[in-house]
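Colleague: Provided below are the primary sequence and the corresponding predicted coordinates.
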Amino acid sequence: MLELAKRLTEAFGISGFEEEIRAAIREEIAGTVDDVRVDALGNLVAFRRGTGGGKRVMLAAHMDQIGLMVTYIDEKGYMRFAPVGGIFPLTCWGTQVRFGDGTVGTVGLDGRAKRSEAPALKDMFIDVGVSSRTDVKQKVGDVATFIYPFVAQGNAWFASNHDDRVGCIVLAQLLRELKGAPISHDLYAVFTTQEEVGLRGATTSAYAIDPEIGIALDVTLTGDLPYATPAMEVAMGKGVAIKVQDGGMISHTGLNKLLIAAAEGAGIPYQLEVLLGGTTDARSMQVTRAGVPATCLSIPSRHVHTPSQLVDRRDVEGAVALLKAFLGGAISL
Amino acid sequence: MAELREILEKLSNEIGPSGHEKAVRAAIRMEIESLVDRIEVDALGNLLAFKAGTGPEPRLKVMVSAHMDEIGFMVLQVEKGGTLRFGAVGGLNARMLIAKRVLIGDDRLPGVIGMAPPHLTSAEQRERVLDVDDLSIDVGAENDKGVDSKVKVGDYGTFATRFAVLSADLAWPTVRGKAFDDRAGCTALIGLLAERYPVDLYAVFTVQEEVGLRGARVAAYRIEPDAAIALEGTVCDDTPKAPDEDVSPVTRLGAGPAITLMDRSMITHPGMLRLLRATAEAEQIATQYKQPALGGTDSGAIHMSRGGVPSITVAVPCRYIHSPASILNLNDLANTVKLVGAALQRIDRSYLMRNA
């Protein structure tokens, strides 16, 4: 799984610009499913036919991550940018970024901004090391991503985009491990797009798939940091989190009971998650069409939406194991 | 068909805040009735016009939309003295309201958003930006009884601005009017109906865009288009700024149709972007990109309809949108029709695909 994690966390993929990560996932799951297609919003929809008598289950992990979009290039070649998704301005100054074509840049802070105060994005620019606009290959509308390498250190995995590449890793690994296993349910493993700008890919793919059960795989925040605000039980390394509620959804209680039973039955550590802000693709699955029983399995992650995010390898493995245990049984709500 | 300028004049002068698009709809219907195969009005008030394509079946279904509604206000209360308290419909900024002439209700009752003269205001009052809650409309009535028969709570209204030609220079033809957002788009869409295209065209004049893309959402659900183009009147801020302002304008007047790459409601489908780029290049039409990340359009609702729709937004730059008077360049409007018309001739399934 380490190689899979490295590849998926180092592939390029900002909301709306998921080509590279989509191609990487497509290769990694080749041969594990019956059908793969790409829809209008760019979702990668992988279908695995069940042995019959089960449910139509949609599992969603989003491929996109937050990033920066060029809005203006000045005479000297400095590029102003807008956020794509929820970028914390505080995390940008001095970070190294990469465009889709490989061009590297550094985020600089202009002279208007007081160094003693929290900077605003409008005071920042991307510097690709040239002195004239004519030497810049980028165009308005091009997007850049933070480039921090994948590092495994003890049980911790470092990456710039565990939100939500770790969900993609879980889902791709699940498909590999299910290969040849007799599962009754029809599985739609959907690697969604544009989650970070409003759950857009999941909204349209959920409509198209019309699932009977929806489970999102995403990160969640943790309460194990100094002065964690607000208080939160979830901690990194204590197991996969089963979401009870977040800012956009209350999980289906019956579905959660089944997941808890599956975890306890298989001896998989789990935590219950109540997240006060934010939401996941599970929300859009839950409210599609006439409504779908939905929940989210979360990987606890420290420093979400910053350029250097952490997860614990054991939680990732636990998520895969829990999904296998859950999908191996009947789903009766 | 009438000239674009005449159509824009007619539509700009009509009154139609969100939810009260009847007069605009009637005016558009008159313009397009002879140009399309079928017209219907749905439950929300969208005007849906169908024009069959000339290409071999199965033909693509392309939805081209423009919203009929404009920002305005609704009467909330008739005060004892006969003045009217009101609430904003859509993105109305209080800074622009004071002392403006307005028209209210089906009978277009004229009124003025009143303000105290300088003689009666303190320096502190003159500095303070008033809120919509602080303002009221005066229709010249003696008291609330005088208003009774003419205005009721829930009546709608908007600015009374009349259309005018500011510059008749063919190289720089500018006009002034209200509600160019999105009567400019409506005008362009009517202009597009002069032709027939290989694809089946669903021209949709939507309602309630300014209060949350409501009309477009249900229209797209009904039509199930293969692709969609929203036509807009968009922000243009090319007027002089402070010299140290190190940013680009959102759009520039006279620089051609403005194509959206990303706004708050959508990240543009790469195939649709490819289509417009190829069309602009082939037709030698100058275009510009709207500065990313600002605003939202009907495309935001349309592209997320059902299983998803490849969509794009093309806009006519308009200075001072969401105010009583906007200015646009008619060449931008004409080129928007030309660009989108040529794109409708060119579009095929290859533009609807993403890379694997």
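Modeller: Cool, the structure landed.
Colleague: Return the alpha-carbon coordinates of stretch A:122-140 using PDB.
Modeller: Output of stretch A:122-140 as PDB, limited to C-alpha atoms (Å, rounded to 0.1, in the frame of the first residue of the first chain):
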ATOM      1  CA  LYS A 122      -4.500  39.400  -2.300                       C
ATOM      2  CA  ASP A 123      -1.100  40.400  -0.900                       C
ATOM      3  CA  MET A 124       0.500  37.200  -2.300                       C
ATOM      4  CA  PHE A 125       1.800  36.100  -5.600                       C
ATOM      5  CA  ILE A 126       3.500  33.100  -7.300                       C
ATOM      6  CA  ASP A 127       7.100  33.700  -8.300                       C
ATOM      7  CA  VAL A 128       8.400  31.300 -10.900                       C
ATOM      8  CA  GLY A 129      11.800  32.800 -10.900                       C
ATOM      9  CA  VAL A 130      11.600  35.000 -14.100                       C
ATOM     10  CA  SER A 131      11.800  38.700 -14.500                       C
ATOM     11  CA  SER A 132       9.400  39.300 -17.300                       C
ATOM     12  CA  ARG A 133       5.900  38.300 -18.200                       C
ATOM     13  CA  THR A 134       7.100  37.100 -21.600                       C
ATOM     14  CA  ASP A 135       9.100  34.300 -19.800                       C
ATOM     15  CA  VAL A 136       6.000  33.000 -18.000                       C
ATOM     16  CA  LYS A 137       4.500  29.900 -19.600                       C
ATOM     17  CA  GLN A 138       1.400  30.000 -17.400                       C
ATOM     18  CA  LYS A 139      -1.900  31.600 -18.400                       C
ATOM     19  CA  VAL A 140      -4.700  33.000 -16.400                       C
END
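Colleague: What residues of it count as buried?
Modeller: Residues of stretch A:122-140 classed as buried under the neighbour-count rule (16 or more other CB atoms under 10 Å in any protein chain shown) are A:122-126, A:128, A:136, A:138, A:140. For every residue, glycine as well, the C-beta is placed using N, CA and C.
Colleague: so what's the closest residue to chain B within the stretch 1-150 of chain A up against?
Modeller: For the stretch 1-150 of chain A and chain B, the shortest gap (CB to the nearest CB) falls at residue A:16, measuring 3.0 Å. Contacts for residue A:16 (CB atoms under 8 Å, 6 or more residues apart in numbering or on different chains) come out as A:42, A:64, A:84, A:143, A:193-194, A:197, B:262, B:267-268.
Colleague: which residues touch residue A:96?
Modeller: By CB under 8 Å, 6+ apart, the neighbours of residue A:96 are A:104-106, A:146-148.
Colleague: Count residues in the vicinity of the nearest residue to residue B:217 once chain neighbours are set aside, would you?
Modeller: Using CB to CB, 6 or more residues apart in numbering or on different chains and skipping residues adjacent in sequence, the residue nearest residue B:217 is residue B:301, 4.1 Å away. Other residues within reach of residue B:301, judged by other CB atoms under 10 Å in any protein chain shown, total 28.
Colleague: Now do the domain split for chain B, please.
Modeller: B:4-70+B:178-240+B:247-352, B:72-159 (automatic domain parsing).
Colleague: Can you tell me which residues in chain B are near chain A?
Modeller: Residues of chain B lying close to chain A (CB under 8 Å from any CB of the partner chain) are B:246-248, B:261-262, B:267-269, B:289, B:291-293, B:303-310, B:352, B:354-356.
Colleague: Please convert the buried members of those into PyMOL selection syntax.
Modeller: PyMOL command restricting the residues of chain B next to chain A to the buried ones, with burial defined by 16+ other CB under 10 Å:
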select buried, chain B and resi 246+248+261+262+267+268+269+289+291+292+293+303+304+305+307+308+309+310+352+354
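Colleague: rewinding a little: kindly reformat the contacts of residue A:96 as CSV containing distance to chain B and neighbour count.
Modeller: Shown next, in CSV, are the contacts of residue A:96 (distance: CB to the nearest CB, whole Å; neighbours: other CB atoms under 10 Å in any protein chain shown):
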residue, distance to chain B, neighbour count
A:104, 21, 13
A:105, 17, 25
A:106, 18, 14
A:146, 18, 23
A:147, 21, 15
A:148, 24, 18
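Colleague: so which of those would you say is closest to residue A:260?
Modeller: residue A:148 (34.8 Å; CB to CB).
Colleague: For the closest one, list the residues it contacts.
Modeller: A:96, A:158-160, A:307-308.
Colleague: coming back round to it: most widely separated two among the contacts of residue A:96?
Modeller: A:105 and A:148 (14.3 Å).
Colleague: one step back: most packed of the domains of chain B?
Modeller: A comparison of the domains of chain B by mean neighbour count, using mean count of other CB atoms under 10 Å in any protein chain shown, puts domain B:4-70+B:178-240+B:247-352 on top with a mean of 22.
Colleague: Could you pick out the residues of the stretch 201-333 of chain A near chain B for me?
Modeller: Residues of the stretch 201-333 of chain A lying near chain B (CB under 8 Å from any CB): A:201, A:203-205, A:207-208.
Colleague: which intervals of the stretch 251-356 of chain B have sub-threshold pLDDT?
Modeller: B:355-356 (pLDDT under 70).
Colleague: Quick one: the helices in it, in order.
Modeller: With DSSP state H, counting those that start in this stretch as the criterion, the stretch 251-356 of chain B has helices at B:270-283, B:298-302, B:330-346.
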